[in-house]
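Chemist: Please work out how this folds:
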Amino acid sequence: MAPLPSPLRIGTRGSPLALIQANAVRTALVGAGADPDALEIVPIRTSGDRVRDRALAEVGGKGLFTKELETALAERHIDVAVHSMKDVPTWLPDGLAIAALLPREDPRDVLLVARRLGPIRRIADLPHGARVGTAALRRQAQLLHRRPDLRIALLRGNVETRLAKLEAGEVDATLLALAGLKRLGIAVDPDAILAADELVPAVAQGAIGAEVRADDAATRALVARLDDRPTSLAVGAERAMLAVLDGSCRTPIGGLAVLDGARLALDGLVATADGSALHRRREIGDAGDPLALGRAVGHALRAAAGPDFFRESA
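Modeler: As a prediction, the model looks like this:
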């Protein structure tokens, strides 16, 4: 086996949250035996970071947050790419592989409401016609399904930017991933955390993935030591469901798998962007075969939605 690259370059987006996630991978690598002096973090600006005035679906989908990292990885400018797994497209480029998933943070969403509106913690309690900022069709569809009176406004940018826009009065409320808030050390009202059956999270939300070149055996073996089995099983099922649904940023899709001993439960959701149609499916399967469970839920959702559903949402 060829030796490890030296330095071992860890590529990441440059946002505060992305750098925290990259440093979590670095710390885990040191714990797995890597020389801390031989690890280098390399920030890379992605297309998704540059284009912030349009929805992702309009400018190429969630691959905009990974494309430059994966190009740098394939061209050997970096040796490991760190991703929020919810941003990783369903299919990876040839020659690249996710070698490890770190232990997953809480995957749920949080409802954040402008202080001027008072203590509101539930979607049902938002004022009639409230303006809710989000860039996620998944969130938009579920909000409108429950509250068709709400007005949805495009809200993009990193966590700090979105919180600043909320307080500046650009929107009345927004939804953010609890995982990111916790990693940034931002305090959250526990009562504002939305249960997964109220708002189904994004597939792989809360999971950090480390991607490597498939032919870099030494790096792949080192990174593989970081893999958290419960997270890999759950995310594997969720992404298998996504693959059946041909999931992209153009179709609102949610999914959350939870491991319970030898069993794995997967809740899946697909909807239209306006929330007028929404289908959910929950199945429990053998934790030893998460891909089969994910495919089963994906096919069940496809059957429930009907043959024209995905053409209409594309």
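Chemist: Please save the CA atoms from stretch 75-95 in PDB.
Modeler: This file holds the C-alpha atoms of stretch 75-95, laid out as PDB (Å, rounded to 0.1, in the frame of the first residue of the first chain):
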ATOM      1  CA  GLU A  75      -7.400  16.300  -9.400                       C
ATOM      2  CA  ARG A  76      -5.400  15.500  -6.300                       C
ATOM      3  CA  HIS A  77      -5.400  19.100  -4.900                       C
ATOM      4  CA  ILE A  78      -6.900  17.700  -1.700                       C
ATOM      5  CA  ASP A  79      -7.000  14.200  -0.300                       C
ATOM      6  CA  VAL A  80     -10.300  14.200   1.800                       C
ATOM      7  CA  ALA A  81     -13.400  16.300   1.100                       C
ATOM      8  CA  VAL A  82     -15.700  17.000   4.000                       C
ATOM      9  CA  HIS A  83     -19.400  17.400   3.300                       C
ATOM     10  CA  SER A  84     -22.700  18.000   5.000                       C
ATOM     11  CA  MET A  85     -24.200  14.700   3.700                       C
ATOM     12  CA  LYS A  86     -27.600  16.400   3.000                       C
ATOM     13  CA  ASP A  87     -25.700  18.400   0.300                       C
ATOM     14  CA  VAL A  88     -24.200  15.400  -1.400                       C
ATOM     15  CA  PRO A  89     -25.900  14.300  -4.700                       C
ATOM     16  CA  THR A  90     -27.400  10.900  -4.900                       C
ATOM     17  CA  TRP A  91     -24.700   9.600  -7.200                       C
ATOM     18  CA  LEU A  92     -21.000  10.300  -6.700                       C
ATOM     19  CA  PRO A  93     -18.500  11.000  -9.500                       C
ATOM     20  CA  ASP A  94     -16.600   7.900 -10.800                       C
ATOM     21  CA  GLY A  95     -13.500   7.200  -8.800                       C
END
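Chemist: quick one: buried residues of that stretch?
Modeler: 78-90 (16 or more other C-beta atoms under 10 Å). No exception for glycine: its C-beta is placed from N, CA and C like everyone else's.
Chemist: Then stretch 274-289?
Modeler: Of the residues in stretch 274-289, those buried (16+ other C-beta under 10 Å) are 275, 277-281, 283, 285, 287, 289.
Chemist: tell me which of these is nearest to residue 73?
Modeler: Within these, the smallest distance to residue 73 is 29.4 Å, found for residue 289 (C-beta to C-beta).
Chemist: Pretty sure residue 170 sits against residue 154.
Modeler: No: between residue 170 and residue 154 there is no contact, the gap being 10.3 Å when judged by C-beta atoms under 8 Å.
Chemist: Give the residues shared as contacts by those two.
Modeler: residue 133 (C-beta atoms under 8 Å, 6 or more residues apart in numbering).
Chemist: Walking through this protein, point out its strands one by one.
Modeler: For the chain, the strands defined by DSSP state E cover 8-12, 39-43, 80-84, 96-101, 109-113, 131-133, 151-153, 173-177, 193-194, 208-213, 253-260, 263-271, 278-286.
Chemist: highest average neighbour count across those?
Modeler: Comparing those on average neighbours per residue, with mean count of other C-beta atoms under 10 Å, the densest one is strand 80-84 at a mean of 27.
Chemist: Quick check: the residue nearest to the spatial centre of the chain vs residue 220, distance?
Modeler: Residue closest to the average C-alpha location in the chain (C-alpha atoms, centre = their mean): residue 86, at 2.0 Å. Look at residue 86 and residue 220: by C-beta to C-beta, to the nearest Å, they are 23 Å apart.
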